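Peer 1: Build me a structure from this.
(chains A and B)
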Protein chains: 2
Amino acid sequence: MSPAVFIEALQQELQLTQYGQYPPELYDPIRYIMSLGGKRMRPLMTLMSAYLFTDDWKKAVRPALAVEVFHNFTLMHDDIMDQAPLRRGQPTVHEKWNPNIAILSGDVMLVRAYELMLNVDADQLKPAMARFTQTAAEVCEGQQMDMNFETRWDVTEAEYIDMIRLKTSVLLGYALELGGLIGKADAESVAHLYEGGVNIGLGFQLKDDLLDVYGDPAKFGKQVGGDIIANKKTFLLIEALEQASGSVKEELTDWLNRSEFDKAEKVKAVTTIYDQLGIRQITEARINSYFAKGLKNFDQIKADAARKDFLIQFTQQLIERES
Amino acid sequence: MSPAVFIEALQQELQLTQYGQYPPELYDPIRYIMSLGGKRMRPLMTLMSAYLFTDDWKKAVRPALAVEVFHNFTLMHDDIMDQAPLRRGQPTVHEKWNPNIAILSGDVMLVRAYELMLNVDADQLKPAMARFTQTAAEVCEGQQMDMNFETRWDVTEAEYIDMIRLKTSVLLGYALELGGLIGKADAESVAHLYEGGVNIGLGFQLKDDLLDVYGDPAKFGKQVGGDIIANKKTFLLIEALEQASGSVKEELTDWLNRSEFDKAEKVKAVTTIYDQLGIRQITEARINSYFAKGLKNFDQIKADAARKDFLIQFTQQLIERES
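Peer 2: Numbers count the residues shown, from 1 in each chain, chains lettered A, B, ... in the order given. Prediction:
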C-alpha cells in the first residue's frame, strides 16, 4: 500500500462529485475553490485511519470528501470575514464574484458536506453525524474567537491554544476519528485517533506560526515575516508579549503601534526581539511536545502494526514539512 | 386535540434548546433571531403531520424545531444579502452586530439545525436527513435565483414560480413530509404531504404578493404598496409586464424607471395599471388553483379523517389570512 493509492481514490471521487448545476452563480464557486488544490491532508487522514481497521477503506472516500468540502466551506466564509484577496495564490470567491455569492455558495457547500456524510454506513451514521456536527460548531467558535482576538492585546497563551484547537485542530482530530468510526474500531482506539489528531493539529498550527518567521524563504512559499508585518497574533507574538519586559517590551509595542514602517525593517527588528527572548526555542519545544503527544496517542491505537506505521510515517511528513 | 397543544410543546422545546454559550458573539444572535417570533408555521406543520400517523407526535418536536432553526438561518443570511435593516420590526443581526457575526452565527445555526435533526429515530434518520439536505440546497438555489432576478427585466412567470417554489415552498413541503417520515406513514401519503405543502406554499407566497398591493392597511401589518415602491419583481409585476402593451406598457415601464417619485403617487398609478389589466383576478385565480391542488393532495393522504380535518383546518386558516 502506498499513499498514492489513497490520493488517487480521492482525486477520482473529487472528479465525480457533482455539487449542482443551476443557478451557476451558486455552484461555480464551489467547483472553483475545490479546484484550487491544497494538500488534501484531512481526507487522506480519514482514509488512512479507516485502513487501520478495514480493507474496505474505499467506503470512507465520500465521507472523507465531506470533511474536505466542509474545510473549504470554512475557507470561503473566513475569506469574506478576513477580507482576504487571495487563497492559494488565486482570487478568493468574494473577490472573483462578490460577497453575497460567497455567503450563499458557502452555505450550500456546508449542505453538500452533510450530503456526502450520508454515505456513512447506517449503523455508524448517527455517531459520525453527531461528532461531525459538534466539530463543525467548534470550528465556528474558533473562528469567532480568532476575530475577537484581532482587537485585543491581552490574549493569553492558553486562550490562543484554545482558539487554534477549535479553529484548526478538532477537524484534524475528527478526520481521523471518522475513519475509525467507519472502520468500526473499538471506542478507545477512536478516542486515541481523535486526541492524536488534535495534538498533531496543534503542533501543525504552531509550526505554521514558526515557519512564518523562521522558515526558509526558498521553501516556505509565502512571504517570510507576513504575520509580523500584519501584527497577527501568533503563538510567537503572544509568547513574546508575555516574556518581554523593560526596554524590550517598549521596543516591541512600539513596532506594533507604528502605522507606517519599512516592512523589511519591522520584520528584522521583531525577529531580533524574538531571538533575544528565545521565542524560537520556546515554540519549537511546544511543537515537539504536541507532536510527541500525538504520536503517543497513535501508539495506543489497537491496529495492525504495519498499517499504523503507514499513518505514523504520513504524520512524520507533516511534522517535517518546511512549507 | 387543539392547535394550542402543539404550540405549547414547541414553545417549551424552544425554551429548553441550548444553541451554545461561548463565544457570546456567536450564540447571542441565534437566541435573538429565534426570540423575534413569527408564526412557527413550519414546525407546527411537522407536528400536525406526525399526529396524522402516530399518537407519539412529541418525538417530532425536536426535528420540527430543526426546520424552524433552518428557516431562521436562511432569514439571517438573506437579510445580509438583501441589506435589510429590519426583521419582524426589529434590527436585523448584521445591523445589531455586524455582517461577519451574521455570517458566522448563521453558519452555526445551520449546524444546530442538523443537530436537532439527529433526534429522528434511527430507522428514519437517513431518508429524513437526505431530504432535509436536498431541500436546504434548493432553498439556497431559490435565494440565488431571486438575487439574479433583481437585475433582470425579462423574468417569465414560469421562472418566478420556479424561484418561489425553491425559495419558499419546498421547505413547507418538507416540513409536512418530515412529520410523515417520523410517523412512519406509507410512501404515497408522504409524497402527498410533500406535494400538498409545496402547493400550499406557492399559494401562500402569491397571496403575500397580492396582499402587498390589495391588503387591508388596517390588517396587513406592513406598508401596503411596499413592493411597488421598491420595484420588487412579484407575480403581479411580472404578470403585468407580460400582459401590458401600448401606452399602458409605456406608463408602467416609465414608473419602474423613475428614480425620483412620490411614493403614494407611484403606488396609486401602478395599482391602477394592475386594475386595468385584471392582475388581481389573475393572481387570485392562481392562488385558488394552488390551494385547491394542495387540499386535493391532502385528500389523498391515508390517515384518520378527524386528524386530517385538523390539518386541513389549519391550512384553511393560512389560506384565509389577511396579514
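Peer 1: ok, now which ones touch residue A:263?
Peer 2: A:225, A:229 (C-beta atoms under 8 Å, 6 or more residues apart in numbering or on different chains). All C-beta atoms are positioned from the backbone trio N, CA, C, and that covers glycine.
Peer 1: Swap in 6 Å and give it another go.
Peer 2: residue A:229 (C-beta atoms under 6 Å, 6 or more residues apart in numbering or on different chains).
Peer 1: Check what pLDDT it gets.
Peer 2: For residue A:263, the model assigns a pLDDT of 95.
Peer 1: Same check on the one 3 residues further on?
Peer 2: Here the pLDDT value assigned to residue A:266 is 97.
Peer 1: helix, strand or coil for it?
Peer 2: helix (DSSP: H, G, I helix; E, B strand; the rest coil).
Peer 1: measure it to residue A:225 for me?
Peer 2: Residue A:266 sits 8 Å away from residue A:225, going by C-beta to C-beta, to the nearest Å.
Peer 1: Compare those two and say which is more crowded by neighbours.
Peer 2: residue A:225 (20 against 17; other C-beta atoms under 10 Å in any protein chain shown).
Peer 1: Please name the residues that touch the more buried one.
Peer 2: residue A:267.
Peer 1: From chain B, how far off is it?
Peer 2: Distance from residue A:225 to chain B, counting by C-beta to the nearest C-beta, to the nearest Å: 27 Å.
Peer 1: give me phi/psi at that residue?
Peer 2: With angles defined as degrees, to the nearest 10, residue A:225 sits at phi 90, psi 0.
Peer 1: Repeat that for residue A:86.
Peer 2: phi -130, psi 150.
Peer 1: need the residues of chain A near chain B, please.
Peer 2: A:23, A:25-26, A:77, A:81, A:100, A:103-104, A:107-108, A:110-111, A:114-115, A:118, A:129-130, A:133, A:136-137, A:140, A:144-145, A:148 (C-beta under 6 Å from any C-beta of the partner chain).
Peer 1: what about the helices in the stretch 101-250 of chain A?
Peer 2: Per DSSP state H, counting those that start in this stretch, the stretch 101-250 of chain A carries helices over the ranges A:122-149, A:157-164, A:170-182, A:187-214, A:217-220, A:226-229, A:235-243, A:246-257.
Peer 1: In CSV: those, plus mean neighbour count, distance to residue A:317 and mean pLDDT.
Peer 2: Listed next are the helices of the stretch 101-250 of chain A as CSV, based on neighbours: other C-beta atoms under 10 Å in any protein chain shown; distance: least, C-beta to C-beta, whole Å; pLDDT from 0 to 100:
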stretch, mean neighbour count, distance to residue A:317, mean pLDDT
helix A:122-149, 20, 24, 97
helix A:157-164, 17, 21, 98
helix A:170-182, 29, 14, 98
helix A:187-214, 22, 11, 97
helix A:217-220, 11, 14, 79
helix A:226-229, 18, 24, 94
helix A:235-243, 20, 22, 97
helix A:246-257, 13, 35, 96
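Peer 1: Ramachandran coordinates for whichever residue of the stretch 201-323 of chain A sits closest to chain B?
Peer 2: In the stretch 201-323 of chain A, the residue that lies nearest chain B is residue A:233 (15.3 Å; C-beta to the nearest C-beta). The phi and psi values for residue A:233, taken as degrees, to the nearest 10, are phi -80, psi 90.
Peer 1: which ones are touching residue A:235?
Peer 2: Residues in contact with residue A:235 (C-beta under 6 Å, 6+ apart) are A:206, A:209, A:283.
Peer 1: Leaving out sequence neighbours, find the closest residue to it.
Peer 2: residue A:209 (4.7 Å; C-beta to C-beta, 6 or more residues apart in numbering or on different chains).
Peer 1: Just list the residues touching the most centrally placed residue in chain A, thanks.
Peer 2: What sits nearest the mean C-alpha location of chain A, by C-alpha atoms, centre = their mean, is residue A:168, with 4.3 Å. Counting by C-beta under 6 Å, 6+ apart, residue A:168 touches A:201, A:205.
Peer 1: Report pLDDT for it.
Peer 2: Here, the pLDDT recorded for residue A:168 equals 97.
Peer 1: what kind of secondary structure is the nearest residue to residue A:178 once chain neighbours are set aside in?
Peer 2: Using C-beta to C-beta, 6+ apart and skipping the chain neighbours, the partner closest in space to residue A:178 is residue A:46 (5.1 Å). When classified by three-state DSSP, residue A:46 comes out as helix.
Peer 1: okay, residue A:46: pLDDT?
Peer 2: At residue A:46, pLDDT is 98.
Peer 1: Pretty sure it sits against residue A:179.
Peer 2: Yes - counting by C-beta atoms under 6 Å, residue A:179 is a contact partner of residue A:46 at 4.4 Å.
Peer 1: what touches both of the two?
Peer 2: In contact with both residue A:46 and residue A:179: residue A:60, using C-beta under 6 Å, 6+ apart.
Peer 1: how close does the closest residue in space to residue A:177 that isn't next to it in sequence sit to residue A:135?
Peer 2: Of all residues not flanking residue A:177 in the chain, residue A:194 sits nearest, at 4.2 Å (C-beta to C-beta, 6+ apart). Distance of residue A:194 to residue A:135, given as C-beta to C-beta: 9 Å.
Peer 1: domain parsing for chain A?
Peer 2: The record's domain parsing of chain A by automatic domain parsing lists A:1-185, A:196-295.
Peer 1: quick one: which of the ones you listed is nearest residue A:315?
Peer 2: domain A:196-295 (5.9 Å; C-beta to C-beta).
Peer 1: Can you give me the end-to-end span of the closest one?
Peer 2: 7 Å (C-alpha to C-alpha, to the nearest Å).
Peer 1: Give me the distance from that domain to the chain's centre.
Peer 2: 18 Å (C-alpha atoms, centre = their mean, to the nearest Å).
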